[in-house]
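Undergrad: Build me a model from this:
(one chain, ligands or ions: 2)
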Amino acid sequence: MMNLTVEDICVKGKKVLVRCDFNVPLNDKLEITDDNRIVGALPTIQYLIDNGAKVILCSHMGKPKGEPKPELSLAPVAKSLSEKLGKEVIFAADDNVVGENAKKAVANMKDGDVVLLENTRYRAEETKNVDAFSAELASLADVFVNDAFGTAHRAHCSNVGVTKYLDTAVAGYLIEKEIKFLGNAVNSPVRPLVAILGGSKVSSKISVIENLLKKVDKLIIGGGMAYTFFAAQGKTIGTSLLEEDYIDYAKKMLEQAGDKILLPIDTVVAKEFNNDAESKVVEGNIPDGWMGLDIGPKTIELFSKALDGAKTVVWNGPMGVFEMPNFAKGTNAIALKLAELDATTVIGGGDSVAAVNQAGLGSRMSHISTGGGASLEFLEGKALPGIVSLTMKKKVIAGNWKMNKTPSEAAALIKELAPKVADAKDTVIVCPTAVCLAAAVEAAKGTNIKVGAQNVYFEDSGAYTGEISADMLLDLGIEYVIIGHSERRQYFAETDETVNKKVLKAFEKGLTPIVCVGESLEQREYGITNDLVRLQTKIALSGLTEEQVSKTIIAYEPIWAIGTGKTATTEQAEEVCKAIRECVAEVYGNKAARKITIQYGGSVNAGNAAELFSENDIDGGLVGGASLKAPDFATIVNWK
Ligand SMILES: Nc1ncnc2c1ncn2[C@@H]1O[C@H](COP(=O)(O)OP(=O)(O)OP(=O)(O)O)[C@@H](O)[C@H]1O
Ligand SMILES: O=C(O)[C@H](O)COP(=O)(O)O
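TA: Ligands and ions are numbered 1, 2, ... in the order given. Got it, this is the predicted structure:
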């Protein structure tokens, strides 16, 4: 499912509540020591300012546990934002977040103004997702933008609860980029895919390992995570970090994983948790009275070798206490290894990002994710509450009746269908044969069913026996038209060039084209599917503006799946629809690529529609046989 983004809605004059992730590290003088997350939020904030929105920012910081704690106020963030944006960011200092100061500041806003609310976790309700606080936050705004990927795996008031009280909730640029980047790492990684886990939040991370193991080719475990696994192996760990409750789980993972999991073979241990403590390197067991604070030199070599040849690497959690120079060697060495790899490297986690930036290698990574746990859960394929609560792009589900139904039968079918799809969230279209169009339009009056034609000619009038012009369709009240269906290409000499002429004519007159592309079985077996549909797409859309492309519907229909009962697998359908979208992005830009509708067609039925339509790049379906029976087509239309 593809969510809407900030570019998909009109924000001018609107009060826009933006959930950012300003959970930035502060030193004891309350100075921001790493502003990566603030910098990451700027593109969305600037876009909203430039487009005349009233921008109301909110975020959490640290864990004030429902009490106002001055050391966790967002005041320093407001100052940093004002400097970075070059304009005043009004800080609404309210201990209860949505208090009189906040309400007054919002009431006084003009288009383009920016207000930052106080730390949402000053309110105990925030992390419990209590409706009352969600409603308070939502009452400040007209629309919601979620740009906090770092908390997307949490269902709190400020990132999920608010969406219950605002009709429109969209993704900001940061979340959009994370979804795109991590989505590729999850759904179509270039392998070998290696994950590296470390850090100290063992309990929250150790539970994702089981799912990660299904996705990755290798899993490297270092940092504080490693010692629970050492204990599971029966090794002594001295006073190192340990999650007692997870020893059995770690044992199970080691049994399941075989040689997929790599653990440290030597450890830098110290007597105390400080940089100048007495330290040494030990192999295997960690002696009593000592604690592991970094991976040792042999482990650095072992992990580096394991990373050789990796094509996608996701890293969450430092290999040691990197804040202390004497225990930063392991983290720095792994960071350098990733920087030198010819691979897609994704760094997730507040401290992991800080560690990589501290090593001066941040710019050499492919993607710096602002989410730690969020990126891990995304990688393991979990639905993140902060993303699934966004407004999803509407699907378009069309029934192509082909040469079936008389006018009276067409009218009867629409009458039977209408009540069954009256509450559909998506766009519903039926495409009867030309002689049925008038009856269909009449029958569809007062319903949410739109009517489309199955073909149109590219001339306005003249000696074209049997053909139908766009004006004739418009005069009947037709809104959509299928163009270039494989049956017209196969039996009636339709070509890519005539398809393009018809598409241009459709837009010239105000019809929305449903442009069919797709390969034959032979072409698929030759391995030229993506090349072919990309070519068909480029020719079909040639000459259109970006805006017209955004309004176009493309139906990917593998010819070998049409009317055969053989459906492309969900992976095949998603892969080709994604390739079409990427092709559109190359030619018309990301905005048009996101807005264009890409359907799948080819033996879509009540049993497979939900799985197909849940895919990120499948925006609905072009349904043949299954649309000729009202109950079946209604099940497809009500797929969610
Ligand atoms: N062997 C170790 N013993 C104790 N602490 C460790 C060890 N190795 C790393 N750490 C600590 O782990 C902390 C980071 O862990 P954490 O799990 O928070 O990683 P992160 O990158 O911030 O991920 P996230 O954003 O998901 O929390 C650092 O402060 C580091 O000092
Ligand atoms: O236009 C269509 O709907 C396609 O040809 C799919 O037809 P089918 O659903 O009968 O396979």
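Undergrad: Phi first, then psi, for the residue of the stretch 201-350 of the chain found nearest ligand 1.
TA: At 2.4 Å from ligand 1, G349 is the closest residue in the stretch 201-350 of the chain, using C-beta to the nearest ligand atom. Where C-beta positions appear, they are placed from N, C-alpha and C, glycine not excepted. Backbone geometry at G349, expressed as degrees, to the nearest 10, gives phi 120, psi 130.
Undergrad: ok, and the closest non-adjacent residue to T239?
TA: M291 (4.4 Å; C-beta to C-beta, 6 or more residues apart in numbering).
Undergrad: Tell me the predicted confidence for the one you found.
TA: pLDDT recorded at M291 is 98.
Undergrad: Ignoring the adjacent residues along the chain, who's closest to P25?
TA: Nearest non-adjacent residue to P25, counting by C-beta to C-beta, 6+ apart: T33, 4.8 Å away.
Undergrad: show me what contacts P70?
TA: Residues near P70 by C-beta atoms under 8 Å, 6 or more residues apart in numbering: none.
Undergrad: cool, M319 as well?
TA: M319 makes contact with I196, G198, G222, G223, D294, I295, F303, G330, T331, A333, I334, according to C-beta under 8 Å, 6+ apart.
Undergrad: Work out for me the element the first one sits within.
TA: Using DSSP states H and E, I196 maps to strand 193-197.
Undergrad: How far off centre is that strand?
TA: The chain centroid and the centroid of strand 193-197 are separated by 20 Å under C-alpha atoms, centre = their mean, to the nearest Å.
Undergrad: wait, does that strand make contact with ligand 1?
TA: No - remark: strand 193-197 sits outside contact range of ligand 1, by C-beta under 6 Å from any ligand atom, the gap being at least 8.8 Å.
Undergrad: Was I right to think A411 contacts A439?
TA: Yes - counting by C-beta atoms under 8 Å, A411 does reach A439; the two are 4.5 Å apart.
Undergrad: Backbone torsions only: list them for the residue lying farthest from the centre of the chain.
TA: Here the centre of the chain is the reference, and by C-alpha atoms, centre = their mean the most remote residue is A463, at 50.6 Å. Dihedral pair for A463: phi -80, psi 70, per degrees, to the nearest 10.
Undergrad: Spell out which parts of the protein neighbour ligand 1.
TA: Within the chain, the positions lying close to ligand 1 (C-beta under 6 Å from any ligand atom) are 198-201, 223-224, 241, 292-293, 316-318, 320-321, 323, 349-352, 372-373.
Undergrad: So which of the residues you listed are in strands?
TA: Using DSSP state E, the subset of the residues of the chain next to ligand 1 located in strands is G292, L293, N316.
Undergrad: rewinding a little: the residue nearest to T239: what's it in contact with?
TA: M291 neighbours (C-beta under 8 Å, 6+ apart): G238, T239, S240, L241, V269, A270, K271, E272, F273.
Undergrad: Repeat that for L476.
TA: Contacts of L476 (C-beta under 8 Å, 6+ apart): L437, A438, V441.
Undergrad: Quick check: L81 is in a helix.
TA: Yes - membership of L81 in a helix is supported by DSSP: H, G, I helix; E, B strand; the rest coil.
Undergrad: Please identify the nearest residue in space to it, excluding sequence neighbours.
TA: Excluding its sequence neighbours, the residue lying closest to L81 (C-beta to C-beta, 6+ apart) is V89, at 4.4 Å.
Undergrad: Okay, and the beta partners of the one you found?
TA: Per DSSP bridges, the residues bridged to V89 are V114.
Undergrad: Where does pLDDT dip in the stretch 101-250 of the chain?
TA: The model of the stretch 101-250 of the chain has pLDDT under 70 over residues 187.
Undergrad: Would you map the helices across it?
TA: Assigned by DSSP state H, counting those that start in this stretch, the stretch 101-250 of the chain shows helices spanning 125-128, 131-138, 173-187, 202-206, 209-215, 226-232, 247-257.
Undergrad: Go through those helices and name the closest to A339.
TA: Nearest to A339 among those is helix 173-187; the distance by C-beta to C-beta comes to 17.4 Å.
Undergrad: Mind listing residues that contact the closest one?
TA: Defining contact as C-beta under 8 Å, 6+ apart, one finds that helix 173-187 is touched by 3, 5-6, 21, 40-41, 43-44, 47, 146-149, 152, 171, 193, 215, 312, 314, 344, 346, 366-367, 369-371, 374-375, 378-379, 381, 386-387, 574, 616.
Undergrad: Pull out the buried residues from that helix.
TA: 173-179, 181-182, 184-187 (16 or more other C-beta atoms under 10 Å).
Undergrad: Give me the distance between K425 and S59.
TA: According to C-beta to C-beta, to the nearest Å, K425 stands 31 Å off from S59.
Undergrad: between the two, which one's more packed in?
TA: When neighbours are counted by other C-beta atoms under 10 Å, S59 comes out ahead of the other of K425 and S59, with 28 against 11.
Undergrad: Give me the pLDDT value at the closest residue to the more buried one other than its chain neighbours.
TA: Residue nearest to S59 in three dimensions, not counting chain neighbours: F22, with 3.8 Å by C-beta to C-beta, 6+ apart. As summarised for this prediction, F22 has a pLDDT of 94.
Undergrad: isn't F22 right up against P76?
TA: No - taking contacts as C-beta under 8 Å, F22 lies outside contact range of P76: 9.3 Å.
Undergrad: just to revisit the earlier point, so of the contacts of helix 173-187, which ones are in strands?
TA: Using DSSP E, the contacts of helix 173-187 in strands are N146, A171, L193, T312, V314, T344, V346, H367, S369.
Undergrad: farthest-separated two in those?
TA: Maximum pairwise distance among the ones in strands among the contacts of helix 173-187 (C-beta to C-beta): 27.2 Å, between N146 and L193.
Undergrad: Pick out whichever of those two has more residues nearby.
TA: The neighbour comparison of N146 against L193 (other C-beta under 10 Å) goes to N146, with 30 against 22.
Undergrad: among the contacts of helix 173-187, which ones are buried?
TA: Buried among the contacts of helix 173-187 (16+ other C-beta under 10 Å): 3, 5-6, 21, 40-41, 43-44, 47, 146-149, 152, 171, 193, 215, 312, 314, 344, 346, 367, 369-371, 374-375, 378-379, 386-387, 574, 616.
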